[in-house]
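Enquirer: Provided below for reference: sequence and predicted model.
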Amino acid sequence: MGPTSGSNIHMNTKINVFPPKVILWGGTGQAKVVRPIIEHYGATVVAVFDDTPNLASPFPDVEIHQGMAGFRRWIENHERMQIGFCIAIGNPHGRLRLRLEEQLEHEGIQPITLAHPTAWIAGNARIGSGCQILAGAIVAEESRIGRQCIINTKASVDHEDVLEDGVEIAPGATLCGIVHVGIGAWIGAGATVLPRITIGADAIVGAGAVVTRDVPPGVTVLGIPARQLRKS
Ligand SMILES: CC(C)(COP(=O)(O)OP(=O)(O)OC[C@H]1O[C@@H](n2cnc3c(N)ncnc32)[C@H](O)[C@@H]1OP(=O)(O)O)[C@@H](O)C(=O)NCCC(=O)NCCS
């Protein structure tokens with residue numbers, strides 16, 4: 001069973017087709033959200049990794065290990081071909097997800113791409129590796145989603161939108177059609193981006209904003225209509 005979708009294969013990325021064992025990088029809320037999806041599709045979450053020292057595991061039945069050193073010790077006793085990974089770290093950390101994806105692929109394990117069974121993905125949408133498409137999210141026709149993007153709970157990505165790598169669309173946010181979102185940008189919860197707008201790389205759109213004009217790279221905007229946040 002896949003998410004409601006015309007096809008399970010997008011940009012050669014297999015959605016919800018996992019190796020038998022999956023590790024999570026990131027041991028907080030996002031880990032709790034993705035684990036049930038991974039296990040719904042038949043894989044087992046076998047370990048959690050996080051850079052934060054002494055962080056408690058989000059799950060009583062899964063061990064947590066610290067950082068890349070902890071990972072290297074752990075992987076010595078495991079068959080790499082059997083292991084997939086999901087980087088369960090929300091934004092504004094898209095660039096970090098991209099770096100970690102490269103490092104973990106270099107270590108010989110593969111990213112998984114997941115979609116909650118209630119997500120709807122158009123058959124001709126293209127989804128990059130490592131994406132997480134969560135409950136009730138919509139990815140409409142001819143949209144193109146890069147690597148390591150998070151389309152969070154009930155977010156809507158409309159027709160012909162382009163999301164570059166490492167973007168997060170937070171819960172309930174709406175991108176109208178033909179929107180372009182640059183690498184690492186973060187669209188806050190419940191925000192609306194009007195049609196044909198471009199959001200620059202690493203820009204942040206505050207929760208609840210309505211974006212009526214293009215947003216330059218690296219800028220934070222908020223409010224209705226969205227204006228640049230200037231801190232004194
Ligand atoms: C926009 C945002 C990133 C700004 O964060 P920040 O840089 O730490 O800014 P601050 O919290 O210091 O707020 C600066 C000012 O903007 C106001 N502000 C913050 N967020 C706002 C928003 N979304 N809409 C309107 N005003 C906002 C604050 O009240 C404050 O105003 P003041 O100076 O008059 O007191 C953040 O508030 C936000 O909206 N994040 C999105 C959260 C989200 O969607 N999370 C999803 C989790 S899955």
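Expert: All right, it came through fine.

Enquirer: longest strand in this structure, please.
Expert: Longest strand in the chain, counting residues (DSSP state E): strand 44-50.

Enquirer: can you point out the buried residues in that strand?
Expert: Residues 45-50 are the ones in strand 44-50 that count as buried (16 or more other CB atoms under 10 Å). C-beta here means a position set from N, CA and C on the backbone, and glycine is covered the same way.

Enquirer: and the two most separated of the residues you listed?
Expert: Farthest pair in those (CB to CB) is V46 and D50. Separation: 15.0 Å.

Enquirer: in this protein, which ranges drop under the pLDDT threshold?
Expert: The model of the chain has pLDDT under 70 over residues 1-12, 232.

Enquirer: need the residue closest to the centroid of it.
Expert: I150 (2.3 Å; CA atoms, centre = their mean).

Enquirer: break down this structure into its helices, ranges please.
Expert: Assigned by DSSP state H, the chain shows helices spanning 29-40, 67-75, 94-106.

Enquirer: can you redo the ones you listed as TSV with mean neighbour count and distance to P195?
Expert: Shown next, in TSV, are the helices of the chain (neighbours: other CB atoms under 10 Å; distance: least, CB to CB, whole Å):
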stretch	mean neighbour count	distance to P195
helix 29-40	18	29
helix 67-75	14	42
helix 94-106	18	23
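
Enquirer: who does W186 bridge with?
Expert: E168, I204 (DSSP bridges).

Enquirer: off-centre distance for stretch 89-100?
Expert: Relative to the chain's own centre, stretch 89-100 is displaced by 9 Å; criterion: CA atoms, centre = their mean, to the nearest Å.
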